[in-house]
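Colleague: Here's a sequence, model it:
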Amino acid sequence: MKTPFDAKSLWRERLKPLRRKAASDRPDAAKHTARAFLGAFDPDTDDIVALYYPIRSELDTAPLAEALAERGVNLALPVVERKNAPLVFRRYRPGDALEKGVFGEQVPGDAAPAVRPDIVIVPLLGFRPDGGRLGYGGGYYDRTLQDLRKSGAVTAVGYAFAVQEVDALPVSPLDQRLDWIVTERGAIRCNGD
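Modeller: Down below sits the predicted model:
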């Protein structure tokens, strides 16, 4: 049986090795990206920032988590509780005990309270400066951002290596746009302001 042309799958295969190379070539990128985030955002102690625990060659969020925790900002990590459903965010502090999640990621246990984030740090394989994002194809962040945006304000921040930027990238009507992109080179507001 013939499979239809899938532009997103082709882009994923192109972008995975690019990100792996960036992770190898730029071990300092996480520190610079955290600094760029803090230059663009000033969350206060009432805000909740949802990070991700990196898997594969995703940009490490540990330097950002530590800097935000030092400022007293509330943190959370995503948890896949049900397949094909929005993510649940559970409170997290650097040093908390974590357990293995569905995809091998580290997640807070069920005892950690679920919270609604104000800012969601989103992992990705590629991005466009206008906020188009390509992930792994499971749709978890798209469903999650759509759900959060229905219930109030949330800022979606793509967190990536600068080399993950591309001019063209296929997006569908179901794909949720990012509000900002932060890389080791700086922060980009996606609406063009």
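Colleague: so what strands line up beside the helix or strand hosting Arg90?
Modeller: Arg90 belongs to strand 88-92 when assigned by DSSP states H and E. Its sheet considered, strand 88-92 pairs with strand 74-79 (antiparallel), strand 114-115 (antiparallel) by DSSP bridges.
Colleague: who's in contact with it?
Modeller: Residues outside strand 88-92 that contact it (C-beta atoms under 8 Å, 6 or more residues apart in numbering): 48, 50-51, 65, 74-79, 81, 98, 107-109, 112-117, 120. Yep, even glycine has a C-beta here, placed from its N, CA and C like the rest.
Colleague: repeat that for 6 Å
Modeller: 50, 75-79, 81, 108, 112-115, 117 (C-beta atoms under 6 Å, 6 or more residues apart in numbering).
Colleague: re the thing from before, hey, which of the strands paired with strand 88-92 is tucked in deepest?
Modeller: Neighbour counts (mean count of other C-beta atoms under 10 Å) averaged over each of those peak at strand 74-79, with a mean of 24.
Colleague: re the thing from before, convert the C-alpha atoms of the strand holding Arg90 to PDB, please.
Modeller: Extracted in PDB, the C-alpha atoms of strand 88-92 (Å, rounded to 0.1, in the frame of the first residue of the first chain):
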ATOM      1  CA  VAL A  88      -0.900  17.700  32.700                       C
ATOM      2  CA  PHE A  89       1.600  19.900  34.500                       C
ATOM      3  CA  ARG A  90       2.900  19.000  38.000                       C
ATOM      4  CA  ARG A  91       4.700  21.200  40.400                       C
ATOM      5  CA  TYR A  92       8.500  20.700  40.300                       C
END
